[in-house]
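> below is the sequence, then the predicted model.
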Amino acid sequence: MSIPADLKYSDSHEWVRLDADGNATIGITHHAQDLLGDLVFVENPKVGRKLRKGEECGVVESVKAASDIYAPIGGEVVAVNAELETAPEKINQGAYQAWMFKLKPADASEIASLLDAAGYQKLVEAESK
Amino acid sequence: MPFIPHTEDDVREMLAAIGVADIDALFDEIPAALKGGAIPGVPGGMKEMDIARLMNERARMDGEYLSFLGAGAYEHHIPAAVWQIATRGEFYSAYTPYQAEASQGTLQLLYEYQSMMASLTALDATNASLYDGASALAEAVLMAVRLHKSSRRVLMPRSVNPRYRDVVRSIVSSQGIEIVEVPFDARSGCLALETLQSHAGKDFAGLVVPQPNFFGNLEDVDGLADWTHAQGALAIGCVNPVSLALLKPPGAWGSAGADIAVGEGQSLGVPLANGGPYFGFMACRQALVRQMPGRIVGRTVDADGHPGYTLTLQAREQHIRRSKATSNICTNQGLAVTAATIHMAILGAEGLRNVAAASHANLQALVERVLRIPGVRRLFSGPVFHETVLGLPRPAAAVLAHLRSRGILGGHDVSTEYPEFGAALLVCATETRTEADLDAYAAALADALAS
């Protein structure tokens, strides 16, 4: 699957989209869900929680593993995708549609410092070697 | 080990095969200075028949006491079928096999156990057991702190079993969790909401609610659970499972129910045995299950649609989550739980209710008798389950020694743990005590206090 060019990526496999309202929408990449396998549980951070870049803020659990989710940028959690509580498989079905949470960025320049699609492609290739 | 199969010839042959002169040579890497040598006072080997005779003699010296001792471990009748079945070869294993393809019987039994405990506690989910009641309470404290996320303090009433409080402190203090002791009301021997008010609005993750508490007293579980929830904290029930056959189960406490319930399972079919092995149980609301420690067995269907059992929610456990696991508990008390499951199945809900009611009635009858003895009083006046604290006119240790000389274990001396009580004794009567036993106790106590 091609890596969307309009998103930014962390090296811990989260994607970030800067929305028109200035908030950042965050999910895990197609590559991440592919490695995890069928997801059975998603734990999102609480709305209102202030996160630092790189902070552990959630868990995705599959039939074979559990992984922590890290905040790709700092900011305050303004929304979470409640649908994932009962339908975590949405992430397997479309990792770039099934967002996990939205942050109000503390410092929007942090987004620019993330990987672009080409950079993330290289990371995935390097990790699969 | 009662039987060692190797003859001297076998041993010689094995040593010859590996080219070693004698058994001591196998341990030659241990420096001589570190070896203990002969232990004075330990005699040489004995014949099987002689050792059996000696052990029987020693066992008789222990005596056969009439017990009114509780304080966390209770003598209940265990139907003969319980251990007859539990020790069948299919169940009697040193290790609990969890492999679904090889252990459907064990897994189904654990699933039945979990279902029974969930029904007894009126909570949604239980694990396959923990080591004992005290460590189960420590796990509940850790779980509450994980769930609460912002506080690492847990309120612990002094009316919780002192041994449990010690164990909890040992386990959680090194993890940066603070146990805040809460006093109980001196008159009622229970937690008072007014006392708790000083903690209102303060930072804490949970309150432990013992039911019945260490003194046998029944706490205002509804009020305590509701107060705790109003503070945004978790209500942790620490309960006696037999009492739940009569009392309101933790899942029904207050308007929302307790969040977590734990306790000692010994009174469900496990004999008193020098402190163990017993087993701890733990139950919680469904929403909290991913923070519950320990093994959990689930029911599912196989590829052909037939029901089957397997461990589930394993991403909580350390073989998957490593340092992020809910606990380092990666096992359960398989054999004790097997006995408990059979015990509950044989008794049934009505049988367990009868046990609880008879225990309560016997304690009431005992109290009635001893209150006729001058100087004996109840320290607290409220309702109790099958245990209560008696105030005595003489130091409890001397009274207990006298009772012991009459073949009676008269109770637990609480004056060291609770010096404010003065001379005081925690006594218990279960369904195993007869009218004659109660009379014997009352007579011996009267003598002990008169002499």
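Nice, thanks for sending it over. Residues are numbered from 1 along each chain as shown, chains lettered A, B, ... in the order given.
> could you use CA atoms for every contact and neighbour count after this?
Fine.
> could you grab the helix/strand/coil label for the residue in the stretch 351-451 of chain B that chain A sits nearest to?
Closest approach between the stretch 351-451 of chain B and chain A, counting by CA to the nearest CA: residue B:352, at 37.8 Å. Applying DSSP: H, G, I helix; E, B strand; the rest coil to residue B:352 yields a three-state assignment of helix.
> roughly how far does it sit from residue B:123?
18 Å (CA to CA, to the nearest Å).
> again with residue A:35
Note on residue A:35: its distance to residue B:123, by CA to CA, is 35 Å.
> more neighbours: which of these two?
More crowded of residue A:35 and residue B:123, by other CA atoms under 10 Å in any protein chain shown: residue B:123, with 24 against 11.
> contacting residues for the more buried one?
Going by CA atoms under 8 Å, 6 or more residues apart in numbering or on different chains, residue B:123 touches B:250, B:251, B:283, B:284, B:285, B:286.
> touching, the first one and residue B:119? I think so.
To tie it back to what came earlier, the one meant is residue B:250. No. Between residue B:250 and residue B:119 there is no contact under CA atoms under 8 Å: 10.6 Å.
> okay, the two: which has more neighbours?
Each of residue B:250 and residue B:119 has its neighbours counted (other CA under 10 Å); residue B:250 has more, 31 against 18.
> what about that one, distance to chain A?
For residue B:250, the distance to chain A equals 26 Å [CA to the nearest CA, to the nearest Å].
> tell me the contacts of that residue?
By CA under 8 Å, 6+ apart, the contact set of residue B:250 is B:121, B:122, B:123, B:237, B:257, B:258, B:261.
> which residues of chain A lie near chain B?
Within chain A, the positions near chain B by CA under 8 Å from any CA of the partner chain are A:61, A:64, A:65, A:66.
> how does it look with 10 Å?
Contact residues, chain A versus chain B (CA under 10 Å from any CA of the partner chain): A:40, A:41, A:61, A:62, A:63, A:64, A:65, A:66, A:67, A:68.
> ok now do the fourth one, which residues does it touch?
The neighbours of residue A:62, taking CA atoms under 10 Å, 6 or more residues apart in numbering or on different chains as the test, are A:33, A:35, A:36, A:37, A:38, A:39, A:40, A:41, A:42, A:88, A:89, B:315.
> kindly report the same for the third one.
By CA under 10 Å, 6+ apart, residue A:61 lies in contact with A:36-43, A:67-68, A:88, B:313, B:315-316.
> and the residue of the stretch 1-150 of chain B that's closest to chain A?
Proximity of the stretch 1-150 of chain B to chain A (CA to the nearest CA) peaks at residue B:149, 10.5 Å away.
> looks like that residue contacts residue B:205 (just checking).
Yes. Between residue B:149 and residue B:205 there is a contact at 8.0 Å, judged by CA atoms under 10 Å.
> for the residue of the stretch 351-451 of chain B closest to chain A, which non-adjacent residue is spatially closest?
Nearest residue to residue B:352, sequence neighbours excluded (CA to CA, 6 or more residues apart in numbering or on different chains): residue B:245, at 6.1 Å.
> so what's that neighbour up against?
Residue B:245 touches B:120, B:121, B:349, B:350, B:351, B:352, B:353, B:354, B:355, B:356, B:357, counting by CA under 10 Å, 6+ apart.
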